[in-house]
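Participant: Provided below are the primary sequence and the corresponding predicted coordinates.
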Amino acid sequence: MAHPGSEGAAGEKGRRLYVFNGGFLTNHRVRRILALSGYDQRLGIPGKDDLIAVWGKSPTAPRGEAVAARTGAGLLRIEDAFLRSIRPGRSGEPPLGLLIDPVGIHFDGSAPSLIEDIIRREPLDDAAVLTRARDGIARLKHLHLSKYNGFDPDLEAPPPGYVLVLDQTRNDASIRHGGASEATFREMLVIAQEEHPGARIVIKAHPESVAGHRLGHYTERHGHGRISVLRDPISPWTLLDGAIAVYTVSSQMGFEAILAGHKPRVFGQPFYAGWGLTQDENPVARRQKRLTRAQLFAAAMILAPTWYDRARDRLTTFEEAVDQLEAEVRAYRDDRRGHVAVGMRLWKRSHLQRAFGRERRVAFVDEPGRAAARARREGRDILVWAGKDSQALTEAAGDIPIRRVEDGFLRSRGLGAELVPPLSLLADRAGIYYDPSRPSNLERLIQAGPPPGGEARAERLLRRLTLSGLSKYNLEARELPELPEGRRIVVPGQVEDDASIRLGAGQERTNLALLARVRAENPDAVILYKPHPDVEAGLRAGAVTESDALKYADAVIANGDPIQLIEAADEIWTMTSGLGFEALLRGKAVVTLGMPFYAGWGLTRDLFPQPARRGRASLLALAHAALISYPRYVDPVTRVPCPVEVIVDRLVKHDTPAPGPANRALSKLQGLFASQSWLWR
């Protein structure tokens, strides 16, 4: 089921492509996608063996069409793919992918297009592709992703039971070339009322008309009686859920209506009409094939588009394009109101600004009362470093959302205590993962289980982490010494004043007490003690002398590779260490003496009572929640939100930032005050 324009496949290498539209020259993203697709973009007069690019059926397209007619050169029509960006293109945001169409253009019903050609030629019966299509449909619905994504998924639709009429912008090419006109919109609204007497009619305004870029066909004057015009940024998927019928001329939302289970009434000739999935007012006679939703989706979203990976600067698959869009849209939705940050040390602020300040710059205010007042005045949320959360802040904030910030579980190549910048941060509105006294967003994600396609994604991620030996800090470590034979138990040391110990430890709250308990429970085992790297570096409290450790342990593995140590172990015994999580991901038995976030799900042997609200969960559910859904990642190279897979690539290639001279000096200074971490954290 391969297609030369699909799956990010390159076109003919170095094929000369002539342009007669300045947009091709000034739009860097479009130029880059075409270059990666194998097209050598040029100015001048083409020969008959060359190609000419035009943008769809835009006002500038006739220039290229005329030159093609005179020279015999081939014609490529370029358009945005059906997942584009957060805001409309007129706002300046570049596209996520392109439809590079050598056949026609998808919205021109008078002639075939690449999508139609794929549908006509391909049997569309490949089980793997159809599984991808079904997962893709479910994933877009779950994530509330559409062509444009500047909407608020938390906004509620009107009460269900309405007829949904989809507006479009005036003079749009898909209307002119889809056998429709302005009169069609008037007719469509009349028919919607006639066919549903007494039902409420909701007219959905187009995002570009809401943004003020272009006029639509319906205005507020159409809203009277049982008809209302909806301009609020509500998710298309939410609107479709509450609709009893959908009417469209050629809107892409008509395609999404099909995916949502509707059979929309179509008055134009869009690419999705004529395949047995729509009620066609103006049918296309040559379209006779009958498709399933998955087959149509496979052609339009998987096989036809050329998708681009902005972080790794390469062509990519539909799934990886969705990964990237998900990361960007999540950042937009989380940060669109802006934040006031409390309890953030100076060295962290640039990283927090990069992670949370893309929509509105983060305002840093240390005093809780003033921070809450500013947040309320400016309509912002509050960010607080989780360890600095306080009752005073909660009381001052009132109903203002508070997000507790911490490093993610795949953090960096180097220690946070050495002021190495984090590659992942999380912002939890419910609690924080290391505090078992109340639910956290992480718990809720684990309980919900992986979203559509999530298990397979988590499995791929775990395989990559295992093969590459990545962990939270990814330190340069010594090779392990020869280890004693026997049933090996690894005991990871912890920072004894860490919040996870204060809030989540059981009876044992020091590293020495932990070692004593492990030896008492396992008198014949080989116990290997691994000090915490922050403690080994002299930056945090929790040091145990070697002589004291060897009273209970058989060996102290100083500065050893934690992943090699896990792989050599039979079991890991821990209070709340993240190394227990790393061990679970690698299939090792883990025994907990406290209440870490990964305990209580039936995956560990827990010797301390766990929160009753936790139930059973799979390892893939835990991995997806902790590594994919819970944290947010920022690419250290492009400095844009990105999926976890990009961070894995950066860590594997050592393509990550190191702390500057000032950070290194400060980290050495704070080492002198390891027992006074409140001064610098």
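Facilitator: Perfect, I can see it now.

Participant: drop to CA atoms for contacts and neighbour counts, all remaining ones
Facilitator: Will do.

Participant: what's the following helix or strand after the host helix or strand of Ala192?
Facilitator: Here Ala192, judged by DSSP states H and E, is contained in helix 182-195. On the C-terminal side of helix 182-195, the closest following helix or strand by DSSP H and E is strand 201-204.

Participant: Name the strands paired with that following strand and say parallel or antiparallel.
Facilitator: Paired strands of strand 201-204, with direction, are strand 162-166 (parallel), strand 227-230 (parallel) (DSSP bridges).

Participant: Please enumerate residues in contact with it?
Facilitator: The contact list for strand 201-204, computed with Cα atoms under 8 Å, 6 or more residues apart in numbering, reads 162-167, 192-193, 218, 226-231.

Participant: coming back round to it: got a list of contacts for the helix holding Ala192?
Facilitator: Contacts for helix 182-195 (Cα under 8 Å, 6+ apart): 163, 165, 167, 170, 199, 201, 217, 247-249, 267.

Participant: Just the buried residues of it, please?
Facilitator: Using 16 or more other Cα atoms under 10 Å as the test for burial, helix 182-195 gives 184-185, 188-189, 192-193.

Participant: so where do the strands sit in the stretch 1-150 of the chain?
Facilitator: Under the criterion DSSP state E, counting those that start in this stretch, the stretch 1-150 of the chain contains strands at 15-19, 39-42, 51-55, 74-80, 97-101.

Participant: Those strands: which one's closest to Val644?
Facilitator: Nearest to Val644 among those is strand 97-101 (20.3 Å), distances taken as Cα to Cα.

Participant: Check which helices and strands the closest one sits against.
Facilitator: helix 28-36, strand 74-80, strand 306-309 (3 or more Cα pairs under 8 Å, 6 or more residues apart in numbering; DSSP states H and E).

Participant: Of the ones you listed, which stretch is the most buried?
Facilitator: Per residue and on average, the most neighbours among the helices and strands packed on strand 97-101 fall to strand 306-309, with a mean of 27 (mean count of other Cα atoms under 10 Å).

Participant: Parallel or antiparallel, list what pairs with that one.
Facilitator: With DSSP bridges as the test, strand 306-309 is paired with strand 97-101 (antiparallel), strand 314-316 (antiparallel).

Participant: before we move on, back to that, let me know the angle separating the helix holding Ala192 from strand 162-166.
Facilitator: When axes from the mean of the first three to the mean of the last three Cα atoms, to 10 degrees is applied, the directions of helix 182-195 and strand 162-166 differ by 170 degrees.

Participant: Just the C-alphas of helix 182-195, formatted as PDB.
Facilitator: Below are the C-alpha coordinates for helix 182-195, written out as PDB (Å, rounded to 0.1, in the frame of the first residue of the first chain):
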ATOM      1  CA  GLU A 182     -22.600  31.700  -1.100                       C
ATOM      2  CA  ALA A 183     -26.200  30.700  -2.000                       C
ATOM      3  CA  THR A 184     -25.400  27.200  -0.900                       C
ATOM      4  CA  PHE A 185     -24.900  28.300   2.600                       C
ATOM      5  CA  ARG A 186     -28.300  30.000   2.700                       C
ATOM      6  CA  GLU A 187     -29.900  26.900   1.200                       C
ATOM      7  CA  MET A 188     -28.100  24.600   3.700                       C
ATOM      8  CA  LEU A 189     -29.400  26.500   6.700                       C
ATOM      9  CA  VAL A 190     -33.000  26.400   5.300                       C
ATOM     10  CA  ILE A 191     -32.800  22.700   4.700                       C
ATOM     11  CA  ALA A 192     -31.400  22.000   8.200                       C
ATOM     12  CA  GLN A 193     -34.400  23.800   9.700                       C
ATOM     13  CA  GLU A 194     -36.900  22.000   7.400                       C
ATOM     14  CA  GLU A 195     -35.500  18.600   8.000                       C
END
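
Participant: For it, what does the pLDDT average out to?
Facilitator: Averaging pLDDT along helix 182-195 gives 96.

Participant: Same question for stretch 323-335.
Facilitator: Stretch 323-335 comes out at a mean pLDDT of 97.

Participant: Quick check: buried residues in that stretch?
Facilitator: 323-333, 335.

Participant: dump the residue contacts of Phe24.
Facilitator: If a contact means Cα under 8 Å, 6+ apart, then Phe24 has 30-31 as its contacts.

Participant: per-residue confidence at it?
Facilitator: On pLDDT, Phe24 comes in at 92.

Participant: how about Arg90, what does it touch?
Facilitator: Residues near Arg90 by Cα under 8 Å, 6+ apart: His213.

Participant: any idea of the pLDDT on it?
Facilitator: Value listed for Arg90 in the pLDDT field: 80.

Participant: same deal with His3?
Facilitator: pLDDT recorded at His3 is 47.

Participant: One more: Lys289?
Facilitator: In this prediction, Lys289 carries a pLDDT score of 96.

Participant: Also Ala10?
Facilitator: On the pLDDT scale, Ala10 is placed at 44.

Participant: For the remainder of this discussion, apply numbering that starts at 338.
Facilitator: I'll keep to 338 as the first residue from here, and by that count the last item is Ala347.

Participant: Surely Leu433 and Trp644 touch.
Facilitator: Yes: with contact defined as Cα atoms under 8 Å, Leu433 counts as touching Trp644 (6.3 Å).

Participant: tell me, what's touching the two both at once?
Facilitator: Residues touching both Leu433 and Trp644 by Cα under 8 Å, 6+ apart: 418, 658.

Participant: before we move on, the earlier item: top of the contacts of helix 519-532 by neighbour count?
Facilitator: Counting neighbours by other Cα atoms under 10 Å, Val586 comes out on top of those with 29 neighbours.

Participant: mind checking how far that residue is from Thr911?
Facilitator: For Val586, the distance to Thr911 equals 62 Å [Cα to Cα, to the nearest Å].

Participant: Next: Arg568.
Facilitator: According to Cα to Cα, Arg568 and Thr911 sit 54 Å apart.

Participant: likewise Phe592?
Facilitator: Phe592 sits 52 Å away from Thr911, going by Cα to Cα.

Participant: what do you get for Lys600?
Facilitator: As judged by Cα to Cα, Lys600 and Thr911 stand 56 Å apart.

Participant: more neighbours, these two?
Facilitator: Using other Cα under 10 Å, the more surrounded residue of Lys600 and Thr911 is Thr911, with 28 against 19.

Participant: contacting residues for that one?
Facilitator: Taking Cα under 8 Å, 6+ apart, we find Thr911 in contact with 828-830, 851, 917, 927-931.

Participant: how many neighbours does Ala785 have?
Facilitator: As a burial measure, Ala785 scores 12 neighbours (other Cα under 10 Å).
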